[in-house]
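Q: the following comprises the amino acid sequence and a computationally predicted model.
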Amino acid sequence: MSEHLPPESMNSLNTEKILTIQREAKIYLRHISTWGRFISIALTAVVTVLLAIVIYSYYNAEWLDIEDPTGTTNNYYITTIGFLLLLFYPAYRLFNFSRWTDHAILFRDSDDLTKALRNLKSFVQVLGIITVILVTAYIAFLAYAYGWIV
C-alpha cells in the first residue's frame, strides 16, 4: 500500500499518531479488552494451580515409592507439564492485547492499537495451533481405541 503513495504522504503517515475511533467502536474495544484481561488472568490462575497439582502429585508419587509397571508415568507428567506451560503463552498474548488496547483508546494512538492487534493475531494463531494438536490427538486416540492403528 505504501508503495503507491508519494513520499510526502508517507512522511505524514509515519509522524501522525492520532487514532480516530467512533464511540460505539470504543465501547466494543473496551468490553473486549476487559473480558480479554479477565480471561487471561483466569487462565493463568487455572494453569498455575493445575501445574502445582501435577508437580505435587509427581513428587508425592516418588515419595510414596509408587512403581508404574508400564513405565509411562514420566511421559504423562512431562506431557501434562509441557501442555500446561504451552497455555501460558496465549494467556500472555491476550493480556498484552488488553493492555495495549486500553492504552490505544486512552491516548488515541494508532501504534498502540497496532501492537494490540499484533498480540491478538498471535493469540488466535496459538489457539488455532493448540486446537489442531488437540483434534489430531483425539483422532489418534480414537483410531488407537478402535484398533485402526496398532
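A: Happy to help now that I have it. Residues are numbered from 1 along each chain as shown.

Q: for Thr34, what are phi and psi?
A: Main-chain dihedrals, Thr34, degrees, to the nearest 10: phi -60, psi -50.

Q: can you tell me, leaving aside adjacent residues, what's nearest to the residue at minimal distance from the centre of the chain?
A: Taking CA atoms, centre = their mean, the centroid of the chain lies closest to Pro90, which sits 1.0 Å from it. In this structure, Pro90 finds its nearest non-sequential neighbour in Val126, 4.6 Å apart by CB to CB, 6 or more residues apart in numbering. Every residue, glycine included, has its C-beta placed from N, CA and C.

Q: can I assume that neighbour is in contact with Arg93?
A: Yes - the criterion here is CB atoms under 8 Å, and Val126 meets it with Arg93 at 6.7 Å.

Q: ok, now how distant is Ile130 from Arg118?
A: Going from Ile130 to Arg118 by CB to CB, to the nearest Å gives 19 Å.

Q: show me the shaky parts of the protein.
A: Along the chain, segments meeting pLDDT under 70 span 1-17, 19, 62-73, 150.

Q: in the chain, which spans are helices?
A: With DSSP state H, the ranges of helices along the chain come out as 7-15, 23-63, 73-86, 88-107, 110-145.

Q: buried deepest among those, which one?
A: Looking across the helices of the chain with neighbours counted as mean count of other CB atoms under 10 Å, the highest average goes to helix 88-107: a mean of 19.
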